[in-house]
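> Sequence below, structure please.
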Amino acid sequence: MQPNSPSAYLIIRQGNRWSDVFRLEKVGSLVIGRASSNEIPVPDERASRKHAEVYFQGGEWWVRDLGSRNGTLVDGKRIEAPHLLAAGNQIVVASCRMTFAHSLEEFVPPPLDGEGAEPASHSQTQSELPPAITHRRSNASLLESRAIDPASLTTTPEKKGSKGAQQATAPVALELLPLAFEIAQQTSIASACELALSRLMQTIGCQSGGILRVDDEAPSSRKTEPIPGFTIAILATRVRDGKAYHPASDALVATLLKDPSAILARNVTEDPQLLGEVDRESSHVMTTTSIIAAPIRIDQKLYGLVHLYSRLGESDLTPDDLEVALAIAEVLAVSIKNLMRAKTLETRLQSSNERINQLEQQLGHGEWVGQSATMKQVREQIARVAPTQATVLIRGESGTGKELVARAIHDGSPRASGPFIAINCAALTPTLLESELFGHEKGAFTGATERKLGKFELAHTGTLMLDELGEMSLEIQAKFLRVLEAKVFERVGGNKPIHVDVRVVAATNRDLEQAVKEGAFRSDLYFRLRVIELKIPPLRERPEDILPLAIYFLKQFRQRSGHGPTGFSPHAQAAMKDYHWPGNVRELKNSVERAHVLASGENAEPEDLALSHVQIPGSSESLRPPIQAYRERTLEDVEREHIEATLEHTGGQKNRAASILGIERSTLDRKLKKMLDPDS
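Numbers count the residues shown, from 1 in each chain. Predicted structure coming up:
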């Protein structure tokens, strides 16, 4: 129990549905038992006359057994002493099951065990209007633009039986304006519903009411029924005399689902069309005399309803009450729609922030980890290209970070709020790649058991990255070119044209010019893709980025695991600088992760990195001259060989050779003379 909770509830199960809501009061105790005078009567022989009680003491809610024969259960265990209640506790007294909750908004009905459950009676879904319904209204005239008679503003309120003063129509209409502003200031649907219900009951003098949420998404097994299946959630309740609130019957909700007009019904006690089987078994039905159900419609769909009812000894609800209830329901609908829209925007903003945070982590908290001149140039190119709609071709070796660059282009573009979809063309066969890109219809080929949306459809209004584009077959290249040109395609096995708005960012490590020359890549597609070309340099061409990247990756691994080396030894740093990194940044990250796992000290050593000696064909490392085997030579021999090689390089020009060797011309002459005559 929350120490200062303003309210608490018992949600009571009747038969096969959670039907009654009892608002607990901190004054006095609530008795549960077989006696009809109890606050919660339980018509079951297994229940004692006064079986158990719920009471408020010391800032907490408690339940205790009153010496019953069969005991009281809390969450399936029999209690022998007063038991402190917590949200979600299940209280069982004979056949009566109750759930304790602090808030109706947070209440999640536990699954029913099916015991005693019966399918809904067909009488609840008949299309005829129940005879007890006396009035229907589709729109609230209080909200219509019409002149108000100034004399009505001073009309003396009429007495309405035991309900007290009923305000005139015009003053009520004027009160709706500040109410609309008050509801619009609420930050949650629950608080908006509580305020609207409180003001409504205060205005018309009703004693019992609630606001319900209706979800009419039916399970697949029930979609063929005349009335779809639905569930009801309670958003707010108010019962002035301390009795339990009883939600609207399934039949009444089904009536609103068929015709979303406000309903006023009288003499409902014996009406089989407004009362389901479970409702007719409940004792409260015998005292209900009139009902109002005003729909809360959002985008022409029933979102929920305002539900009011009167009982014996209270005045029946009137058409004027129906008018006020419908007007407030319409005002509430606008507020709920705005709150839902705000929630959607908040969710999207949160998703965008998460994506931005993820990108910032990949790039080093919003900064590129690499600070080399070549990477600065790439960053500047991205900043210029991203805001445009131009197709981009990213070229670079495997592992250089082409997808990271593509994401940076997407996040810096006007399409940042749209999806970013990436697909590796080299990882799929031509048939599967065609299905992945364009989708397929059910039965298009063996195994196509249902329709599938392709990456182009999923990336609508966003960005589609095609990695390893050079691996596409010529047939798919032709279809891909058509999408680039016309923004339209058909699914595999379909003939309906599908229009999309997608920006394409392609990436490859192949020599596309050579592929075009060999006929393996379409020349028209090559020129269509090469609108903007970004070249990502390999890691060996920007050695100044190696150590900053390694330190960044090591920090990431330490944050995830909480242990590992804090840095690299001088020998490890030298090894990383001298290594040619054929796998580029991807290989560097893997090597750092390996060192993070294997290192036993504070600093990782070269053996922890376990650098590979594999050479990638075509890389600049493959062009290095082979390392010659060691042979014993003196420094004098090395110097003589180097001077001879320098003179050969300069074509015998001694001045230039001396400049390259970093010595004076006279010094070079002296060394040459000694080389010719060692005894001089």
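> Just list the residues touching the residue lying closest to residue 65 once chain neighbours are set aside, thanks.
With CB to CB, 6 or more residues apart in numbering as the criterion, residue 65 has its nearest non-adjacent residue at 4.1 Å, and that residue is residue 72. Bear in mind the C-beta positions are built from the backbone N, C-alpha and C, glycine included. Shown in contact with residue 72 (CB atoms under 8 Å, 6 or more residues apart in numbering): 51-52, 63-65, 78-79, 91-93.
> Give the PyMOL command for selecting the buried subset of these.
A single PyMOL command selects the buried members of those (16 or more other CB atoms under 10 Å):
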select buried, resi 51+52+63+64+65+79+91+92+93
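> neighbours of residue 181, just the number please.
Neighbourhood size, residue 181 [other CB atoms under 10 Å]: 10.
> what kind of secondary structure is it in?
Under the three-state scheme (DSSP: H, G, I helix; E, B strand; the rest coil), residue 181 adopts helix.
> Roughly how far does it sit from residue 306?
From residue 181 over to residue 306 the distance is 19 Å, taken as CB to CB, to the nearest Å.
> And residue 539, by the same measure?
For residue 539, the distance to residue 306 - CB to CB - is 66 Å.
> same question for the longest helix anywhere in the chain, mean pLDDT?
In the chain, taking DSSP state H as the definition, the longest helix is helix 319-363. Helix 319-363 carries an average pLDDT of 80.
> Distance from the chain centre to the helix or strand just after that helix, please.
Going down the chain from helix 319-363, the next helix or strand is helix 373-385, by DSSP states H and E. Counting by CA atoms, centre = their mean, to the nearest Å, helix 373-385 is centred 32 Å from the centre of its parent chain.
> Residues contacting helix 373-385, please?
Contacts made with helix 373-385 from outside it, assessed by CB under 8 Å, 6+ apart, are listed as 368, 392, 405, 408-409, 412, 532, 534-537, 541-542, 545.
> Could you check the angle that helix makes with helix 319-363?
Helix 373-385 and helix 319-363 are oriented at 150 degrees to each other (axes from the mean of the first three to the mean of the last three CA atoms, to 10 degrees).
> residues contacting residue 639?
Contacts of residue 639 by CB under 8 Å, 6+ apart are residue 671.
> That one in helix, strand or coil?
Applying three-state DSSP: residue 639 is helix.
> please renumber so the chain begins at 556
Sounds good: first residue 556 from here, last item residue 1194.
> how far away is it from residue 1223?
Counting by CB to CB, the separation of residue 1194 from residue 1223 is 11 Å.
> Following element in sequence after whichever helix or strand residue 846 is part of, please.
In the assignment (DSSP H and E), residue 846 maps to strand 843-853. Reading on from strand 843-853 to the C-terminus, the next helix or strand found by DSSP H and E is strand 856-866.
> List the buried residues for that next one?
Going by neighbour count (16+ other CB under 10 Å), the buried part of strand 856-866 is 857-866.
> Max pairwise distance over the residues you listed: which two?
Maximum pairwise distance in the buried residues of strand 856-866, criterion CB to CB, is 27.3 Å, between 858 and 866.
> Buried among the contacts of helix 928-940? Need that as a selection in PyMOL.
Buried residues among the contacts of helix 928-940 (16+ other CB under 10 Å), as a PyMOL selection:
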select buried, resi 923+947+960+963+964+967+1087+1089+1091+1092+1097+1100
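> Now go through the contacts of helix 928-940 and say which are in helices.
960, 963-964.
> From the chain's centroid, how far away is stretch 1070-1080?
Centroid separation for stretch 1070-1080 versus its chain: 42 Å, with CA atoms, centre = their mean.
> ok, and what's touching it?
Residues outside stretch 1070-1080 that contact it (CB under 8 Å, 6+ apart) are 1025, 1029, 1032-1033, 1035-1036, 1039, 1067, 1081.
> most surrounded residue in the residues you listed?
residue 1035 (26 neighbours).
> so what's that one up against?
Counted by CB under 8 Å, 6+ apart, residue 1035 has contacts 992, 1027, 1080.
> Next secondary structure after the helix or strand containing it?
Using DSSP H and E, residue 1035 maps to helix 1029-1041. Toward the C-terminal end, the helix or strand that comes next after helix 1029-1041 (DSSP H and E) is strand 1043-1044.
> how much distance is there from the very next helix or strand once past that next one to the middle of the chain?
As assigned by DSSP H and E, the chain's next helix or strand after strand 1043-1044 is strand 1053-1054. Averaging C-alpha positions (CA atoms, centre = their mean) puts strand 1053-1054 27 Å from its chain's average.
> Pull out the buried positions in stretch 994-1009.
Neighbour-count burial for stretch 994-1009 [16+ other CB under 10 Å]: 994-996, 999, 1007, 1009.
> which residues are contacting it?
Applying CB under 8 Å, 6+ apart, the external contacts of stretch 994-1009 come out as 986, 990-993, 1011-1012, 1046-1049.
> Quick check: the two most widely separated of those residues?
Most distant of the contacts of stretch 994-1009, by CB to CB, are 986 and 1012, 18.5 Å apart.
> So between the two, which is more surrounded?
residue 1012 (17 against 13).
> In contact with that one: list those residues for me.
994, 1053, 1055.
> can you check residue 856 too?
Contacts for residue 856 (CB under 8 Å, 6+ apart) come out as none.
> and the gap between it and residue 811?
With distances taken as CB to CB, residue 856 is found 11 Å from residue 811.
> same question, residue 1109
Using CB to CB, residue 1109 is found at 62 Å from residue 811.
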